[in-house]
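> mind looking at a prediction? Sequence and model below.
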Amino acid sequence: MCELSDGTVVTPGQLVPWLTTADLERIVFDGPSRVIDVGVKQRLFGGATRRAVEVRDRFCTGFACDEPAARCEVDHVLPYALGGLTVQDNGRLRCPAHHDGRRKRPRAGPEP
């Protein structure tokens with residue numbers, strides 16, 4: 001099903017003339033209110049994908065850290081710059097200290 005941002009349902013054929021200038025967003029639902037995928041081309045975790053990681057992890061996943069989700073960022077396990085996708089399975093909660101600490105630390109071995 002294709003739907004415009006105002007809720008108007010259209011056929012894929014009706015969209016063809018606009019494909020060169022339109023902003024398209026793919027959202028996959030499992031039932032009327034359960035979003036299961038919002039695409040992977042965005043750089044930052046947001047919306048339902050971010051919320052899914054927050055609910056799953058609840059706290060920073062850094063070693064012995066209990067910083068709550070509200071004070072965390074969602075970090076790519078496999079970095080986006082290396083092809084890591086912005087999907088729930090590649091996201092983890094990290095407090096600013098653990099998220100920023102990883103960027104500054106030399107990549108000598110596995111991260112705790």
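Alright, I've got the coordinates.
> quick test: name the residue nearest the centre of this protein.
Centroid-nearest residue in the chain: Phe45, 3.2 Å away (criterion: Cα atoms, centre = their mean).
> so that residue, which state does it fall into?
At Phe45 the chain is in coil, as set by DSSP: H, G, I helix; E, B strand; the rest coil.
> residues touching it, list them.
53, 74, 86, 91 (Cβ atoms under 8 Å, 6 or more residues apart in numbering). Backbone N, C-alpha and C define where each C-beta goes, glycine included.
> from these, which is closest to Gly7?
Thr86 (26.0 Å; Cβ to Cβ).
> wait, the closest one touches Ala48, no?
No. Assessed by Cβ atoms under 8 Å, Thr86 is found out of contact with Ala48, at 11.9 Å.
> out of those two, which sits in the more crowded spot?
Just comparing Thr86 and Ala48: by other Cβ atoms under 10 Å the higher neighbour count belongs to Thr86, 20 against 15.
> what's the spacing between the more buried one and Phe45?
6 Å (Cβ to Cβ, to the nearest Å).
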